[in-house]
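1. Structure for this input, please:
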Amino acid sequence: MSFKCALIGLPNVGKSTLFNSLTNSSVSSDNFPFCTINPNVGIVSYHDKRLYNIAKIVCPQKVSPSSIEFVDVAGLVKGAHKGEGLGNKFLNNIRETDALIHVVRCFTDKKILHVSGKIDPISDIETVNLELIFSDIERCKKFLSKRHVHSSNKFSNSLETNVLTKCLLHLEKFNMLKNFIFTNEENNILKQFNFLTIKPLMYVVNMNEHDFLKENSLFNQILLIAKKNNISVIPLCFTLEFDISKMKLLKERREFIKDLNIKEQGLNKVIREGYKMLNLFTYFTMGKKEVKAWTITKGMTAPEAASKIHSDLKKGFIRAKVISYLDFISYKSEIKLKKLGKVYTQGKNYIVQDGDIINFLFNI
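-> Reported below is the predicted structural model:
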(Lines give C-alpha, C1' and ligand atoms only; values in the text may rest on other atoms or scores of the structure.)
Protein backbone atom coordinates (compact mmCIF):
# COMPACT_ATOMS: atom_id res chain seq x y z
CA MET A 1 0.00 0.00 0.00
CA SER A 2 1.33 3.42 -0.91
CA PHE A 3 -0.22 6.83 -0.62
CA LYS A 4 -0.64 9.42 -3.33
CA CYS A 5 0.30 13.00 -2.50
CA ALA A 6 -0.35 16.07 -4.67
CA LEU A 7 1.99 19.07 -4.66
CA ILE A 8 -0.19 22.17 -4.81
CA GLY A 9 0.42 25.92 -4.64
CA LEU A 10 0.64 29.04 -6.77
CA PRO A 11 2.81 29.10 -9.92
CA ASN A 12 6.57 29.56 -9.46
CA VAL A 13 6.71 28.55 -5.80
CA GLY A 14 8.98 25.53 -6.39
CA LYS A 15 6.61 22.58 -6.80
CA SER A 16 8.50 21.11 -9.76
CA THR A 17 11.86 21.58 -8.01
CA LEU A 18 10.50 19.72 -4.98
CA PHE A 19 9.07 17.01 -7.24
CA ASN A 20 12.43 16.63 -9.01
CA SER A 21 14.22 16.38 -5.66
CA LEU A 22 11.81 13.76 -4.31
CA THR A 23 11.71 11.61 -7.44
CA ASN A 24 15.17 12.36 -8.87
CA SER A 25 13.44 13.51 -12.06
CA SER A 26 14.07 16.42 -14.41
CA VAL A 27 10.66 17.86 -15.22
CA SER A 28 10.47 21.47 -16.42
CA SER A 29 10.70 24.16 -13.75
CA ASP A 30 10.97 27.20 -16.01
CA ASN A 31 10.37 30.71 -14.71
CA PHE A 32 6.84 31.29 -16.01
CA PRO A 33 3.34 30.34 -14.85
CA PHE A 34 1.95 26.94 -15.92
CA CYS A 35 5.25 25.50 -17.14
CA THR A 36 3.73 22.26 -15.77
CA ILE A 37 0.78 21.51 -18.06
CA ASN A 38 0.10 17.82 -17.53
CA PRO A 39 0.60 16.27 -14.09
CA ASN A 40 3.94 14.58 -13.48
CA VAL A 41 3.81 11.39 -11.42
CA GLY A 42 6.76 9.83 -9.62
CA ILE A 43 7.13 6.80 -7.33
CA VAL A 44 9.49 7.34 -4.41
CA SER A 45 10.92 4.66 -2.14
CA TYR A 46 10.53 5.35 1.56
CA HIS A 47 13.94 4.56 3.05
CA ASP A 48 12.92 3.51 6.54
CA LYS A 49 16.11 3.00 8.58
CA ARG A 50 14.55 0.03 10.37
CA LEU A 51 14.25 -1.90 7.10
CA TYR A 52 17.98 -1.62 6.46
CA ASN A 53 18.87 -2.42 10.06
CA ILE A 54 16.89 -5.68 9.74
CA ALA A 55 18.59 -6.39 6.40
CA LYS A 56 22.06 -5.99 7.95
CA ILE A 57 21.25 -8.88 10.28
CA VAL A 58 19.37 -11.13 7.84
CA CYS A 59 21.59 -10.47 4.77
CA PRO A 60 18.82 -11.12 2.21
CA GLN A 61 19.20 -11.27 -1.57
CA LYS A 62 16.82 -8.34 -1.91
CA VAL A 63 15.67 -5.35 0.18
CA SER A 64 12.30 -3.84 -0.79
CA PRO A 65 11.18 -0.53 0.74
CA SER A 66 7.59 0.71 0.60
CA SER A 67 6.72 3.46 -1.88
CA ILE A 68 4.97 6.82 -2.08
CA GLU A 69 3.49 8.39 -5.19
CA PHE A 70 3.87 12.12 -5.76
CA VAL A 71 1.92 14.17 -8.29
CA ASP A 72 3.18 17.56 -9.51
CA VAL A 73 0.34 19.60 -10.99
CA ALA A 74 -0.06 23.03 -12.56
CA GLY A 75 0.03 26.10 -10.33
CA LEU A 76 -3.24 27.35 -8.90
CA VAL A 77 -4.37 30.97 -9.42
CA LYS A 78 -7.23 33.12 -8.19
CA GLY A 79 -10.41 32.09 -10.01
CA ALA A 80 -9.23 28.52 -10.61
CA HIS A 81 -12.62 27.10 -9.57
CA LYS A 82 -14.10 29.11 -12.46
CA GLY A 83 -11.50 27.79 -14.88
CA GLU A 84 -8.86 30.52 -14.62
CA GLY A 85 -5.34 29.40 -15.56
CA LEU A 86 -5.50 25.62 -15.67
CA GLY A 87 -7.94 25.66 -12.76
CA ASN A 88 -10.51 22.97 -13.53
CA LYS A 89 -7.84 20.62 -14.85
CA PHE A 90 -5.69 21.28 -11.77
CA LEU A 91 -8.55 20.59 -9.37
CA ASN A 92 -9.55 17.36 -11.11
CA ASN A 93 -5.95 16.13 -10.99
CA ILE A 94 -5.77 16.39 -7.21
CA ARG A 95 -9.19 14.94 -6.32
CA GLU A 96 -7.93 11.35 -6.61
CA THR A 97 -4.98 11.89 -4.27
CA ASP A 98 -4.89 10.94 -0.59
CA ALA A 99 -3.20 14.07 0.76
CA LEU A 100 -2.07 17.56 -0.21
CA ILE A 101 1.36 19.13 0.17
CA HIS A 102 0.87 22.88 -0.12
CA VAL A 103 4.15 24.41 -1.31
CA VAL A 104 4.47 27.97 -0.01
CA ARG A 105 7.06 30.44 -1.27
CA CYS A 106 8.97 32.26 1.45
CA PHE A 107 12.02 33.56 -0.44
CA THR A 108 12.82 36.66 -2.48
CA ASP A 109 14.44 36.35 -5.89
CA LYS A 110 13.99 39.01 -8.57
CA LYS A 111 14.82 36.47 -11.25
CA ILE A 112 11.89 34.24 -10.29
CA LEU A 113 8.55 35.90 -10.96
CA HIS A 114 5.73 35.79 -8.42
CA VAL A 115 2.27 35.56 -9.92
CA SER A 116 0.94 38.40 -7.73
CA GLY A 117 4.09 40.53 -7.96
CA LYS A 118 5.03 40.32 -4.26
CA ILE A 119 6.14 37.76 -1.68
CA ASP A 120 3.27 37.32 0.77
CA PRO A 121 2.95 33.69 1.95
CA ILE A 122 -0.18 34.31 4.05
CA SER A 123 -1.97 35.83 1.09
CA ASP A 124 -0.78 32.90 -1.07
CA ILE A 125 -2.16 30.39 1.44
CA GLU A 126 -5.50 32.22 1.59
CA THR A 127 -5.74 32.28 -2.22
CA VAL A 128 -5.19 28.53 -2.50
CA ASN A 129 -7.51 27.73 0.43
CA LEU A 130 -10.31 29.83 -1.04
CA GLU A 131 -10.04 28.13 -4.42
CA LEU A 132 -10.25 24.71 -2.77
CA ILE A 133 -13.25 25.89 -0.73
CA PHE A 134 -15.04 27.39 -3.76
CA SER A 135 -14.44 24.18 -5.69
CA ASP A 136 -15.94 22.10 -2.87
CA ILE A 137 -18.94 24.44 -2.62
CA GLU A 138 -19.71 23.90 -6.31
CA ARG A 139 -19.22 20.16 -5.96
CA CYS A 140 -21.44 20.06 -2.88
CA LYS A 141 -24.24 21.94 -4.62
CA LYS A 142 -23.96 19.62 -7.61
CA PHE A 143 -24.38 16.48 -5.47
CA LEU A 144 -27.23 18.03 -3.48
CA SER A 145 -29.02 18.93 -6.70
CA LYS A 146 -28.72 15.34 -7.97
CA ARG A 147 -30.12 13.95 -4.73
CA HIS A 148 -33.17 16.21 -4.91
CA VAL A 149 -33.89 14.89 -8.40
CA HIS A 150 -33.14 11.21 -7.71
CA SER A 151 -34.69 10.21 -4.40
CA SER A 152 -35.54 6.52 -4.97
CA ASN A 153 -33.62 5.33 -1.90
CA LYS A 154 -35.04 7.74 0.67
CA PHE A 155 -33.08 6.42 3.68
CA SER A 156 -29.67 6.54 1.98
CA ASN A 157 -30.56 9.81 0.28
CA SER A 158 -31.55 11.52 3.53
CA LEU A 159 -28.26 10.56 5.23
CA GLU A 160 -26.19 11.83 2.30
CA THR A 161 -28.31 14.97 1.98
CA ASN A 162 -27.89 15.79 5.68
CA VAL A 163 -24.10 15.38 5.48
CA LEU A 164 -23.84 17.42 2.29
CA THR A 165 -25.98 20.18 3.81
CA LYS A 166 -23.67 20.31 6.85
CA CYS A 167 -20.69 20.54 4.50
CA LEU A 168 -22.21 23.34 2.44
CA LEU A 169 -23.06 25.46 5.50
CA HIS A 170 -19.50 25.04 6.79
CA LEU A 171 -17.88 25.78 3.42
CA GLU A 172 -19.99 28.88 2.81
CA LYS A 173 -18.48 30.36 5.97
CA PHE A 174 -15.10 29.97 4.20
CA ASN A 175 -14.01 27.09 6.41
CA MET A 176 -12.25 23.95 5.23
CA LEU A 177 -13.99 20.63 5.86
CA LYS A 178 -10.90 19.20 7.57
CA ASN A 179 -11.67 21.55 10.48
CA PHE A 180 -15.20 20.18 10.97
CA ILE A 181 -15.80 17.23 13.30
CA PHE A 182 -17.83 14.52 11.55
CA THR A 183 -19.06 11.23 13.02
CA ASN A 184 -17.52 7.97 11.77
CA GLU A 185 -20.68 7.28 9.78
CA GLU A 186 -20.54 10.74 8.19
CA ASN A 187 -16.85 10.30 7.33
CA ASN A 188 -17.65 7.03 5.56
CA ILE A 189 -20.37 8.77 3.53
CA LEU A 190 -18.02 11.65 2.63
CA LYS A 191 -15.40 9.35 1.07
CA GLN A 192 -17.45 9.00 -2.14
CA PHE A 193 -17.45 12.77 -2.82
CA ASN A 194 -13.68 13.39 -2.93
CA PHE A 195 -13.85 16.85 -1.40
CA LEU A 196 -10.54 18.72 -1.53
CA THR A 197 -10.71 20.60 1.78
CA ILE A 198 -11.15 17.41 3.83
CA LYS A 199 -7.87 15.88 2.63
CA PRO A 200 -4.91 15.77 5.05
CA LEU A 201 -2.68 18.78 4.42
CA MET A 202 0.81 19.99 5.26
CA TYR A 203 2.76 23.12 4.36
CA VAL A 204 6.22 22.72 2.87
CA VAL A 205 7.88 26.13 2.89
CA ASN A 206 10.44 26.97 0.20
CA MET A 207 13.11 29.21 1.70
CA ASN A 208 16.48 30.45 0.55
CA GLU A 209 19.71 28.92 1.82
CA HIS A 210 20.41 31.72 4.30
CA ASP A 211 16.98 31.80 5.96
CA PHE A 212 15.79 28.23 6.41
CA LEU A 213 18.06 27.55 9.41
CA LYS A 214 17.21 30.72 11.34
CA GLU A 215 14.34 32.95 12.46
CA ASN A 216 12.35 34.43 9.59
CA SER A 217 9.39 36.80 10.01
CA LEU A 218 7.53 35.46 6.97
CA PHE A 219 8.01 31.87 8.14
CA ASN A 220 6.81 32.77 11.65
CA GLN A 221 3.55 34.05 10.12
CA ILE A 222 3.06 30.67 8.43
CA LEU A 223 3.69 28.90 11.74
CA LEU A 224 0.94 30.94 13.40
CA ILE A 225 -1.70 30.19 10.77
CA ALA A 226 -0.66 26.52 10.69
CA LYS A 227 -0.91 26.17 14.48
CA LYS A 228 -4.39 27.69 14.40
CA ASN A 229 -5.52 25.07 11.86
CA ASN A 230 -3.50 22.14 13.25
CA ILE A 231 -1.37 21.81 10.10
CA SER A 232 2.26 20.62 10.07
CA VAL A 233 4.94 22.88 8.60
CA ILE A 234 8.27 21.76 7.13
CA PRO A 235 10.81 24.44 6.12
CA LEU A 236 13.17 23.47 3.29
CA CYS A 237 15.59 25.07 0.92
CA PHE A 238 14.49 23.44 -2.32
CA THR A 239 17.67 24.29 -4.21
CA LEU A 240 19.76 22.57 -1.52
CA GLU A 241 17.45 19.55 -1.51
CA PHE A 242 17.77 19.33 -5.28
CA ASP A 243 21.59 19.48 -5.04
CA ILE A 244 21.57 16.70 -2.42
CA SER A 245 19.25 14.52 -4.50
CA LYS A 246 21.68 14.67 -7.43
CA MET A 247 24.56 13.27 -5.36
CA LYS A 248 24.90 9.61 -6.32
CA LEU A 249 27.09 8.53 -3.41
CA LEU A 250 25.42 8.14 0.00
CA LYS A 251 28.68 9.10 1.73
CA GLU A 252 28.81 12.34 -0.26
CA ARG A 253 25.24 13.16 0.74
CA ARG A 254 25.95 12.52 4.42
CA GLU A 255 29.05 14.71 4.42
CA PHE A 256 27.20 17.52 2.65
CA ILE A 257 24.30 17.36 5.16
CA LYS A 258 26.78 17.31 8.06
CA ASP A 259 28.53 20.40 6.69
CA LEU A 260 25.17 22.18 6.61
CA ASN A 261 24.73 21.35 10.31
CA ILE A 262 21.38 19.62 9.77
CA LYS A 263 20.36 16.18 11.07
CA GLU A 264 18.91 14.68 7.89
CA GLN A 265 17.77 15.39 4.36
CA GLY A 266 14.61 17.49 4.52
CA LEU A 267 12.78 15.29 2.04
CA ASN A 268 12.77 12.46 4.58
CA LYS A 269 10.78 14.75 6.89
CA VAL A 270 8.20 15.32 4.14
CA ILE A 271 7.73 11.58 3.62
CA ARG A 272 7.63 10.83 7.36
CA GLU A 273 5.06 13.58 7.95
CA GLY A 274 3.03 12.21 5.04
CA TYR A 275 2.82 8.85 6.81
CA LYS A 276 1.84 10.55 10.05
CA MET A 277 -0.96 12.69 8.62
CA LEU A 278 -2.42 9.71 6.72
CA ASN A 279 -2.33 7.53 9.84
CA LEU A 280 -0.02 5.01 8.19
CA PHE A 281 2.78 2.85 9.52
CA THR A 282 5.02 -0.01 8.52
CA TYR A 283 5.40 -3.68 9.29
CA PHE A 284 8.12 -5.96 7.91
CA THR A 285 8.49 -9.45 6.51
CA MET A 286 11.91 -11.09 6.40
CA GLY A 287 13.70 -14.07 4.92
CA LYS A 288 16.90 -14.95 3.12
CA LYS A 289 15.35 -14.10 -0.23
CA GLU A 290 13.86 -10.73 0.74
CA VAL A 291 13.33 -8.26 3.56
CA LYS A 292 10.35 -6.08 2.73
CA ALA A 293 8.46 -3.12 4.22
CA TRP A 294 4.66 -2.97 3.99
CA THR A 295 2.59 0.15 4.58
CA ILE A 296 -0.78 -0.20 6.29
CA THR A 297 -3.32 1.98 8.09
CA LYS A 298 -3.20 2.06 11.88
CA GLY A 299 -5.74 -0.23 13.48
CA MET A 300 -5.51 -3.01 10.88
CA THR A 301 -5.83 -6.60 12.11
CA ALA A 302 -3.30 -9.29 11.20
CA PRO A 303 -5.50 -10.75 8.38
CA GLU A 304 -6.04 -7.25 6.93
CA ALA A 305 -2.30 -6.59 7.00
CA ALA A 306 -1.67 -9.97 5.36
CA SER A 307 -4.02 -9.03 2.51
CA LYS A 308 -1.58 -6.29 1.49
CA ILE A 309 0.82 -9.08 0.51
CA HIS A 310 -1.88 -11.15 -1.24
CA SER A 311 -5.67 -11.34 -0.85
CA ASP A 312 -5.44 -15.13 -0.41
CA LEU A 313 -3.47 -14.66 2.81
CA LYS A 314 -6.46 -12.99 4.42
CA LYS A 315 -8.85 -15.73 3.27
CA GLY A 316 -6.63 -18.56 4.47
CA PHE A 317 -5.19 -16.81 7.55
CA ILE A 318 -4.40 -19.18 10.42
CA ARG A 319 -2.14 -17.17 12.72
CA ALA A 320 0.78 -14.74 12.70
CA LYS A 321 4.19 -15.11 14.33
CA VAL A 322 5.23 -11.64 15.50
CA ILE A 323 8.58 -10.23 16.62
CA SER A 324 8.97 -6.62 17.70
CA TYR A 325 11.55 -4.62 15.76
CA LEU A 326 13.38 -3.54 18.94
CA ASP A 327 13.64 -7.14 20.18
CA PHE A 328 15.06 -8.32 16.86
CA ILE A 329 17.65 -5.52 16.74
CA SER A 330 18.64 -6.22 20.35
CA TYR A 331 19.10 -10.01 20.04
CA LYS A 332 19.81 -10.29 16.29
CA SER A 333 18.54 -13.88 16.14
CA GLU A 334 15.11 -15.39 15.71
CA ILE A 335 16.35 -18.58 17.42
CA LYS A 336 17.38 -16.62 20.55
CA LEU A 337 14.07 -14.78 20.56
CA LYS A 338 12.15 -18.09 20.43
CA LYS A 339 14.12 -19.40 23.45
CA LEU A 340 13.35 -16.17 25.33
CA GLY A 341 9.65 -16.42 24.47
CA LYS A 342 9.71 -13.23 22.45
CA VAL A 343 8.20 -14.67 19.26
CA TYR A 344 4.49 -14.17 19.83
CA THR A 345 1.72 -16.18 18.16
CA GLN A 346 -1.22 -13.92 17.34
CA GLY A 347 -4.71 -14.65 16.01
CA LYS A 348 -7.23 -12.91 13.75
CA ASN A 349 -8.01 -10.14 16.23
CA TYR A 350 -4.42 -9.00 16.69
CA ILE A 351 -3.90 -5.31 15.84
CA VAL A 352 -0.60 -4.95 13.99
CA GLN A 353 1.86 -2.52 15.60
CA ASP A 354 4.35 -0.21 13.93
CA GLY A 355 7.63 -2.05 13.38
CA ASP A 356 6.24 -5.57 13.81
CA ILE A 357 8.18 -8.27 11.95
CA ILE A 358 5.57 -10.83 10.90
CA ASN A 359 5.50 -14.32 9.45
CA PHE A 360 1.96 -15.19 8.35
CA LEU A 361 0.79 -18.80 8.51
CA PHE A 362 -2.08 -19.52 6.15
CA ASN A 363 -4.01 -22.29 4.43
CA ILE A 364 -5.20 -22.03 0.80
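2. what's the burial count for the nearest residue to residue 296 once chain neighbours are set aside?
-> What sits nearest to residue 296 in space, not counting adjacent residues and going by CB to CB, 6 or more residues apart in numbering, is residue 305, at 5.1 Å. Where C-beta positions appear, they are placed from N, C-alpha and C, glycine not excepted. Close neighbours of residue 305, defined as other CB atoms under 10 Å, add up to 24.
3. Repeat that for residue 187.
-> Applying other CB under 10 Å, we find 12 residues neighbouring residue 187.
4. same check, this time on residue 320
-> When neighbours are defined as other CB under 10 Å, residue 320 has 25 of them.
5. distance of it from residue 283?
-> Per CB to CB, to the nearest Å, residue 320 is found 10 Å from residue 283.
6. quick one: contacts for the residue nearest to residue 296?
-> 283, 294, 296, 352, 358 (CB atoms under 8 Å, 6 or more residues apart in numbering).
7. so which of those comes closest to residue 96?
-> Nearest to residue 96 among these is residue 296, at 20.5 Å by CB to CB.
8. isn't the closest one right up against residue 280?
-> Yes - using CB atoms under 8 Å, residue 296 is in contact with residue 280, at 6.9 Å.
9. related to what we said a few turns ago, overlap in contacts of residue 320 and residue 283?
-> Counting by CB under 8 Å, 6+ apart, the common neighbours of residue 320 and residue 283 are residue 358.
10. and residue 49, how many neighbours does it have?
-> Neighbour count of residue 49, defined by other CB under 10 Å: 9.
11. I'd like the distance between it and residue 329.
-> Going from residue 49 to residue 329 by CB to CB gives 11 Å.
12. In this structure, mark out all the helices, start to finish.
-> Along the chain, the segments classed as helices by DSSP state H run 15-23, 49-58, 87-95, 121-149, 154-171, 184-190, 217-228, 238-245, 250-259, 266-277, 302-306, 311-315, 325-331, 334-339.
13. wait, which of these is closest to residue 102?
-> Here helix 121-149 is closest among those (CB to CB), at 6.2 Å.
14. what helices or strands is that closest one leaning on?
-> In terms of contacts (3 or more CB pairs under 8 Å, 6 or more residues apart in numbering; DSSP states H and E), helix 121-149 is packed against helix 87-95, strand 99-105, helix 154-171, helix 217-228.
15. quick one on the thing from earlier: of all the contacts of residue 305, the one with the weakest confidence?
-> When these are sorted by pLDDT, the bottom entry is residue 296 at 92.
16. Quickly list what that residue is bridged to.
-> With DSSP bridges as the criterion, residue 296 is bridged to residue 281.
17. what's near enough to touch it?
-> Counting by CB under 8 Å, 6+ apart, residue 296 touches 1, 280, 281, 282, 283, 304, 305, 308, 352.
18. One more: residue 6?
-> Contact analysis of residue 6 by CB under 8 Å, 6+ apart lists 70, 71, 73, 93, 94, 97, 99, 100, 101.
19. Likewise for residue 243?
-> Shown in contact with residue 243 (CB under 8 Å, 6+ apart): residue 256.
20. Residue 351 - how many residues pack around it?
-> Using other CB under 10 Å, residue 351 is surrounded by 13 other residues.
21. what's the answer for residue 195, then?
-> If you count neighbours by other CB under 10 Å, residue 195 ends up with 24.
22. dump the residue contacts of it.
-> Taking CB under 8 Å, 6+ apart, we find residue 195 in contact with 136, 139, 140, 167, 177.
23. Tell me how far the residue nearest to the spatial centre of the chain lies from residue 187.
-> Centroid check for the chain by CA atoms, centre = their mean gives residue 274 as the closest residue, at 3.5 Å. Per CB to CB, residue 274 is found 20 Å from residue 187.
24. Pick the one among the contacts of residue 296 closest to residue 259.
-> Of all the contacts of residue 296, residue 282 has the smallest distance to residue 259: 30.5 Å, by CB to CB.
25. per-domain residue ranges of this protein.
-> The record, using automatic domain parsing to delimit domains, assigns the chain the ranges 4-277, 299-362.
26. Distance to residue 288 added to the ones you listed, as TSV?
-> Output for these, formatted as TSV (distance: least, CB to CB, whole Å):
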stretch	distance to residue 288
domain 4-277	6
domain 299-362	12
